[in-house]
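K.L.:
Please work out how this folds:
(one chain, ligands or ions: 1)
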Amino acid sequence: MRAGHATVSVDRGKWTARLGSAGFGGPAREGARLIEFQSVRKQYPNGTVAVEELSLSVETGTITVLVGPSGCGKTTLMRMVNRMIEPSSGTVSVNGTDVRDRDPAQLRRGIGYVIQQAGLFPHRTVLDNIATVPLLAGGTRRAARHRAGELLDLVGLPAELGTRYPAQLSGGQQQRVGVARALAADPPVLLMDEPFSAVDPVVREGLQDELLRLQDELGKTVLFVTHDIDEAVKVGEKVAVLRQGGHLAQYARPDDLLASPSDDFVTSFVGRDRGYRRLSFVDAANLRPSPVPTVRLGGRIPSDDRWRLAVDEGDRPRGWLPPGAGSAGPLREDELVAGGSLHAEHGSLRGALDAALSAPSGLGVVVNAAGAAVGVVTADEVLSLLDGHRAAT
Ligand SMILES: Nc1ncnc2c1ncn2[C@@H]1O[C@H](COP(=O)(O)OP(=O)(O)OP(=O)(O)O)[C@@H](O)[C@H]1O
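P.N.:
Reported below is the predicted structural model:
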């Protein structure tokens, strides 16, 4: 992910104002339900019931995740929104209008669609892939390419990738191009079907972070399908857990899902370490980092019986110097023990606990936005804060 990423000139107001022009019958209201499934059922001609009497509302400007085991009907449900699949009974409405009353082509202009492995056109350059929709909508080639360039920047890709072909990009880069293409027509709604499942776990986490950053900026209404509960609770503001036969097992905020699964199916689906994962939703604002003795790289090494945090000239942590590890100096990086994960100030208790548990010193390093160490926390301190949180809720 690029730090300090420049943004293009899109803001929530502008996107909201464009809802009307995207053809959803007027601007959406804050807190309104943009997508509604009402008693929706889908039975395929071979008799398979993919979705059974399901009702669900998706709030405007939020990311809602459909999660569940393979074959539970997630994709079927999602594709009913843009009329790639028609329900056997029940209604799907977008901004108050039954999608069956909408012309499919016009409906889809207001709904971006991102799929696994990006689905890019292999013989078109990256810029032309992104420009496809603005061109189809009747824009000039020049305007469409300009817009494509802005979107490339928006999804964190350098401009020089614009002239490459999809096969010349990594899986993660292709996925970002897929997102840029889906955003090209300014759709108020984004459907994302397992968009990140074809990339490795590290890239996948980066793409999830990027989606959350984009969402902060654009405030789309996103329906996101995954079978990965970790991904669901990370990106979803609300999570719908489906079980076989297209039944809605639970629809809740991630924290509530982890705290109070509704039945045995949801309990086993959210997994055994849900208590630990719940820490992601408890913020660490009340955690007070303690000072830590430091030593600067290249500096003299005092010999003492404490762990010392080695930092660079910007006070950024570089590793730990174990107790009693004095030497004539100057201190070199290869004399250090590798540090654990770092806890970003104002992050969650999960990040703080992980920093403490993964540090060789048992001291989790807290860093500020510039990456400079501001102090340390212990696992005991994190857990006692959690006790306080539990008592208060
Ligand atoms: N065109 C079709 N004809 C018949 N059955 C279908 C059709 N498409 C899907 N199904 C069946 O409907 C059920 C739901 O499929 P769907 O693709 O919606 O599930 P899913 O939860 O998205 O699965 P996955 O996570 O594996 O992609 C499955 O049993 C599937 O085999």
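K.L.:
part of a helix, is Leu385?
P.N.:
Yes. Counting by DSSP: H, G, I helix; E, B strand; the rest coil, Leu385 falls inside a helix.
K.L.:
Who are the contact partners of it?
P.N.:
Listed by CB atoms under 8 Å, 6 or more residues apart in numbering, the contact set of Leu385 reads 284, 286-287, 349. Bear in mind the C-beta positions are built from the backbone N, C-alpha and C, glycine included.
K.L.:
Spatially central residue for this protein, please.
P.N.:
For the chain, Gln208 is the residue whose C-alpha lies nearest the centre (CA atoms, centre = their mean; 3.2 Å).
K.L.:
Okay, and that residue sits in which element?
P.N.:
Take DSSP states H and E as the rule and Gln208 turns out to sit in helix 201-218.
K.L.:
immediately after that helix, which helix or strand?
P.N.:
That would be, after helix 201-218 and using DSSP H and E, strand 221-226.
K.L.:
strand partners of that following strand, parallel vs antiparallel please.
P.N.:
Using DSSP bridges, strand 221-226 pairs in its sheet with strand 63-67 (parallel), strand 189-193 (parallel).
K.L.:
what residues are up against the closest residue to the ligand within the stretch 101-250 of the chain?
P.N.:
Here the stretch 101-250 of the chain gets closest to the ligand at one residue, His227, 4.9 Å apart by CB to the nearest ligand atom. Contact analysis of His227 by CB under 8 Å, 6+ apart lists 67-70, 74, 194, 197.
K.L.:
Selection in PyMOL covering whichever of these are buried, please.
P.N.:
One line in PyMOL is enough to select the buried members of the contacts of His227, burial here meaning 16 or more other CB atoms under 10 Å:
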select buried, resi 67+68+74+194
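K.L.:
re the thing from before, please pick the buried ones from the contacts of Leu385.
P.N.:
With burial judged by 16+ other CB under 10 Å, the buried subset of these is 284, 287, 349.
K.L.:
Give me the three-state assignment for the residue in the stretch 251-393 of the chain positioned nearest to the ligand.
P.N.:
Residue nearest to the ligand within the stretch 251-393 of the chain (CB to the nearest ligand atom): Phe269, separated by 12.8 Å. Secondary structure, three-state DSSP: Phe269 is helix.
K.L.:
For stretch 85-95, buried residues please.
P.N.:
Residues 85, 87, 90-95 are the ones in stretch 85-95 that count as buried (16+ other CB under 10 Å).
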